[in-house]
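Asker: okay, sequence plus prediction incoming.
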2 protein chains.
Amino acid sequence: MSYQAPVSDIAFALSDMAELDQFETVAGFEAYDAELLEPILEEAGKLARDVLAPLNQTGDKAGATLGENGVVAAPGFAEAYAAFQEGGWMGLAAPEEWGGQGLPKALALAVMEMFHSANMAFGLAPMLSFGAIEALLAHGTDEQKSTYLPKLVSGEWTGTMNLTEPQAGSDVGALKSKAVPNGDGSYAVTGQKIYITWGDHDIAENIIHLVLARLPDAPEGSKGVSLFVVPKYEVEADGTLGARNHVRCIGLEKKVGIHASPTCVMEYDGARGWLIGAPNKGLACMFTMMNSARVNVGMEGVGVGEAAWQTAFAYAQERKQGKASGVAGAAPILHHADIRRTLTTMRSKVMAARAICYACGVAADLAESAETEETRQDARLREELLTPIAKAWSTDMGVEVASLGVQVHGGMGFMDETLAAQLYRDARIAPIYEGTNGIQAIDLVGRKLSMAGGKAMQDMLAEIEVTARSARETNDPIMVQIAERLVEANAALREATTWMQDAMKSNRETALAGATAYLALAGDVIGGHFLTKGAVAARAKDAQTRGRMTAMAGFFAETSLSSARGAVASITRGGEAMLAESEALFGIS
Amino acid sequence: MSYQAPVSDIAFALSDMAELDQFETVAGFEAYDAELLEPILEEAGKLARDVLAPLNQTGDKAGATLGENGVVAAPGFAEAYAAFQEGGWMGLAAPEEWGGQGLPKALALAVMEMFHSANMAFGLAPMLSFGAIEALLAHGTDEQKSTYLPKLVSGEWTGTMNLTEPQAGSDVGALKSKAVPNGDGSYAVTGQKIYITWGDHDIAENIIHLVLARLPDAPEGSKGVSLFVVPKYEVEADGTLGARNHVRCIGLEKKVGIHASPTCVMEYDGARGWLIGAPNKGLACMFTMMNSARVNVGMEGVGVGEAAWQTAFAYAQERKQGKASGVAGAAPILHHADIRRTLTTMRSKVMAARAICYACGVAADLAESAETEETRQDARLREELLTPIAKAWSTDMGVEVASLGVQVHGGMGFMDETLAAQLYRDARIAPIYEGTNGIQAIDLVGRKLSMAGGKAMQDMLAEIEVTARSARETNDPIMVQIAERLVEANAALREATTWMQDAMKSNRETALAGATAYLALAGDVIGGHFLTKGAVAARAKDAQTRGRMTAMAGFFAETSLSSARGAVASITRGGEAMLAESEALFGIS
């Protein structure tokens, strides 16, 4: 079966969990009108279903190829990109000044979720363009903006991020690419970059590379890194394309998944580029791209998870094995309780991650456009706090849920021809790129918990209490039970947070050894918070929505929130047990 | 780096966790001598390292192919099989009467673990032969035994299991293949079987297929299924090979992993076969094969997990990123606490699963050969109890640990060329075949918990208490803490067990909806029990072993046993939340 955009789940998560509707009254979002929400989602859903989804498995099989004139996208991808571009989807959340529609980023995230569900390899192309747009908006000169933004926002050109080199992955500061002044304001950029997503292709007429490199005599390490914009074709003063720049793809990686997304080895050989932002401040510029990319990668986890759940649900309705009460003859496996549990695990985790990512998007919107400085600052803290969780929790979830989808398919799930198998392969990259999930965890405990004296997490914990209270006040026994689990879990998160904040000062190694477990707990509790909030809001909706949301919140409360208490030990004591015996375990002290 | 058999971990798990050493004094194991343990493991380890491991990635790339004369194994596999066969590894645990060495099955499992680590696609060939040997030993006539067993035990021939048909997977009783008497004591077997592992190949001169089919006028469903032996080449009275039988491979599946293991569509077209066991009792015979295969599949989870841990550990020692205290320049990522935590998670889970599988093997040995009927019966209960846990918990662990191995590799882990990526793909089949892990969970709660009035789990719970007590009695604060966690976790398992036993009578759907979560808890607690037992035993060993085992037990106690209490809610209440809203979630009541 084909992907069907879950418009009602998405709209519900946006409006009733992530509170997108507030933008009807927030200055800076005049373009937003809640009435338009479902029509926009419906329209994006059609593109996802009719254009992108049909290319998902064919693209996986054919992959992108490297020819004499550069990378050729998988069959149909150029046409699909044209449809995407003509639909104006690239500029949905971009400023109207540059040709965008000025709608909330959270809405653009929801649209991207659909595209990732339908075809993650395709979705990566616009995802990287978003990052380039963000970086230029934040750090570009007026000239750079007017040169590149209109075409990036319209989708006529795409963008890339060029950070990684063989010796410089998570440790970006170890990069060696050079940028030497040409004397005319431009720089000659030279070096090799690896793992460059959509680094070359034939689906758009120009590619705007954002490249990290070192100026001559730059300090060592991350303090000597600068950001450059290097177009594939230089752009003349009148906006037409000029000379082909000295940058090319010299190799494509053979990967476990996302075969239709060309992962390029890029060679810069004195390519003409222009400095973005201040010299040696490239890392800060990179983080602008990176933050946008991180929540978008979280969206990939959600997108693949949604696709896996839909595929498994469809299979469970078709595949008949064994008997079930009330069914004559062989019963669809959906009737077996164990299968339904698996499907419910998948669906509720997808919904939780979706809400976390959208809420991160809403916070990013508010941080930029809320009326008061105080609201903007609080929102910025919320965005910063949720970004590593949105990225890591959602992508780990994507891998887990894709694996469960394979399991529902039985032997069929292990066959290459099955979409479930492709999703299992595709999902695996998301916990790795744009900062591994381990890096996200370290970012969370090392930076985000200490921002503004720990305010970001304190605000979150307080908000979770409010949600629990609202669930309890319904006096519905099911909701009261959910509230109880949420309160217990939130207390566990509070305890773990205090421990982590202290330990980061007093015993950093032990703290870092608990970082991944801490992020997992935070994701569970915040995810449970959003599901609970959804279940409360759904009481005012139709019976179907109410039943679905109550079941998801209840199931998640009993199966995920219930483990929060135990997770505290895992965070606070797991590291100690291991670090004390590093010599015996690893031969290092 | 190449696979190195972890001989000391394996010997330790066999002797000090699974109590293999008792066979020095048990009648029926005169062939076993503890002095020979390490030399045998070393020898098997050499074959794994020097012959099988070098073919793992080449086999993945080349795969098996189907030509005009049947299936051709990947390059080198025939030679590797010859080395395996000449080493006498197939007969390690087979009765001396049929040319075997009469050693414990647990030892053969440990040897198979190494082969699976080195090359899971290869390991599947002997694994299926084990099942055929078991079935013939238990249910074959004297003539069938003498016709097939010597050559199967010597490894000159291989065996297969032919159960699945397109409409008959988990629901074996839905199969349609027919067996019509030829009038001479043989039957004409006709039908199509799918997913037949090593169903055809050129690495041995004959293949002994065990095939489920229906006799004419057999009852419907699983009560009308009989087992037949169908050799690829018929065997003459003098033991030489005769006519080519009417069975052939008509297709090879394209799979996510284990590419070098040919997964065949087999066509039986009036192939000559002979009934094994009584008419219509094929399912019981099948379960003999299946039980042997299930613990062996668990061993695949352990084998792949061990390979993933070794590969990740090696990579973490080589790959340099970022700084670490005490290391000049860029530090190997092993020095980062988060990476070490990941590696410790991998290693401790592999060790726990290893012990569960070996203990299942020791129980199988005792069930067959212990001196008293009472001991044999208790051991049979233990084997029956541990089989679904060994299969499901170990293979879920295999997938999880292989995925963690990818993560440690970062971007490199997503490249097809990387062994870590192959392990992630290979591992995914093990939770599916030989009964999906969902089926294992249903077997555990539906059959194993009620056997002998629930004695199997009661005995296990009591034994875990003894282990906790022995840890506490060391008075070492670390061990006392581990004991405390084990006691709490065991209490949780006891509570969940009582609930499950009741619910299976009073509320079967809700019980079954908790089955997978129950199995996960049982695996955690029993795994923790073995690690604790190991940590106690290691106190009498060298400092290195003691440190390693204490760290693994301590880490597992804080990170896995600590979640047992929360798992009770997941088991007892998760199902309810979901089943109550089946209509809203799935459109079915």
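Answerer: Nice, thanks for sending it over.

Asker: give the other helices and strands that the lengthiest strand in chain A contacts.
Answerer: Counting residues, the longest strand in chain A under DSSP state E turns out to be strand A:263-276. On a contact count with 3 or more C-beta pairs under 8 Å, 6 or more residues apart in numbering or on different chains; DSSP states H and E, strand A:263-276 meets helix A:105-139, strand A:187-197, strand A:206-213, strand A:226-231, strand A:247-252. C-betas here are computed from N, CA, C, even on glycine.

Asker: can you tell if the first one touches chain B?
Answerer: Just to be clear, that refers to helix A:105-139. No: Helix A:105-139 does not reach chain B (C-beta under 8 Å from any C-beta of the partner chain); its nearest approach is 13.0 Å.

Asker: that helix: how far from the chain's middle?
Answerer: 9 Å (C-alpha atoms, centre = their mean, to the nearest Å).

Asker: following it, which helix or strand shows up next?
Answerer: helix A:142-154 (DSSP states H and E).

Asker: could you point out which element follows that following helix?
Answerer: Following helix A:142-154 in sequence order, the next helix or strand is strand A:157-162 (DSSP H and E).

Asker: what lines up beside that next one in the sheet?
Answerer: Paired with strand A:157-162 in the same sheet, following DSSP bridges, are strand A:206-213 (parallel).

Asker: helices and strands around the one helix or strand A:Val536 maps to, which ones?
Answerer: Counting by DSSP H and E, the element that carries A:Val536 is helix A:515-537. Applying 3+ C-beta pairs under 8 Å, 6+ apart, one finds that helix A:515-537 makes contact with helix A:337-369, helix A:373-409, helix A:437-443, helix A:455-472, helix A:477-506, helix A:543-559, helix A:564-572, helix B:337-369.

Asker: pLDDT on the last one, on average?
Answerer: In this case it means helix B:337-369. Helix B:337-369 shows an average pLDDT of 97 in the prediction.

Asker: quick one, domains of chain A?
Answerer: A:158-281, A:438-580 (automatic domain parsing).

Asker: end to end, how far does the first one reach?
Answerer: It refers to domain A:158-281. 24 Å (C-alpha to C-alpha, to the nearest Å).

Asker: figure out how far that domain is from the centre of its chain.
Answerer: Per C-alpha atoms, centre = their mean, the centroid offset for domain A:158-281 relative to its chain is 22 Å.

Asker: still on that earlier bit, buried residues in the longest strand of chain A?
Answerer: Residues A:263-268, A:271-276 are the ones in strand A:263-276 that count as buried (16 or more other C-beta atoms under 10 Å in any protein chain shown).

Asker: and the residue of the stretch 51-200 of chain A found nearest chain B, its phi and psi?
Answerer: Relative to chain B, the nearest point of the stretch 51-200 of chain A is A:Asp171 (4.1 Å; C-beta to the nearest C-beta). When read as degrees, to the nearest 10, the backbone of A:Asp171 gives phi -90, psi 80.

Asker: cool, and A:His259?
Answerer: When quoted as degrees, to the nearest 10, the phi and psi of A:His259 stand at phi -60, psi -30.

Asker: ok, now which ones touch it?
Answerer: A:59-64, A:74, A:121 (C-beta atoms under 8 Å, 6 or more residues apart in numbering or on different chains).

Asker: what is the rounded mean pLDDT of stretch A:246-262?
Answerer: 98.

Asker: which residues sit in contact with A:Pro75?
Answerer: A:Pro75 makes contacts with A:55, A:58-59, A:62, as judged by C-beta under 8 Å, 6+ apart.

Asker: try 6 Å this time
Answerer: A:Ala62 (C-beta atoms under 6 Å, 6 or more residues apart in numbering or on different chains).

Asker: just to be sure, it is in a strand?
Answerer: No: counting by DSSP: H, G, I helix; E, B strand; the rest coil, A:Pro75 is not found in a strand; it is coil.

Asker: give me the distance between it and A:Met120.
Answerer: According to C-beta to C-beta, to the nearest Å, A:Pro75 and A:Met120 sit 17 Å apart.

Asker: near chain B, which residues of the stretch 151-300 of chain A?
Answerer: Residues of the stretch 151-300 of chain A found near chain B (C-beta under 6 Å from any C-beta of the partner chain) are A:169-171, A:195, A:253-256.

Asker: redo these as TSV? Include neighbour count.
Answerer: Shown next, in TSV, are those (neighbours: other C-beta atoms under 10 Å in any protein chain shown):
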residue	neighbour count
A:Gly169	25
A:Ser170	19
A:Asp171	17
A:Tyr195	26
A:Glu253	17
A:Lys254	13
A:Lys255	23
A:Val256	23
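
Asker: can you tell me which two in those are farthest apart?
Answerer: By the measure C-beta to C-beta, A:Asp171 and A:Lys254 form the most distant pair in those, at 24.7 Å.

Asker: most packed of the domains of chain A?
Answerer: domain A:438-580 (a mean of 21; mean count of other C-beta atoms under 10 Å in any protein chain shown).

Asker: what's the span of that one, first residue to last?
Answerer: Domain A:438-580 end-to-end distance (C-alpha to C-alpha) = 21 Å.

Asker: roughly how far out does it sit from the chain middle?
Answerer: 20 Å.

Asker: which one is A:Val230 nearest to, not counting chain neighbours?
Answerer: In this structure, A:Val230 finds its nearest non-sequential neighbour in A:Gly273, 3.8 Å apart by C-beta to C-beta, 6 or more residues apart in numbering or on different chains.

Asker: show me what contacts that neighbour?
Answerer: If you count contacts by C-beta under 6 Å, 6+ apart, then A:Gly273 has A:187, A:189, A:228, A:230 around it.

Asker: and what of A:Cys285?
Answerer: A:135, A:139, A:227, A:276-277.

Asker: does A:Leu283 touch A:Ser226 like I think?
Answerer: No: look at A:Leu283 against A:Ser226 with C-beta atoms under 6 Å: they stay out of range, at 9.1 Å.
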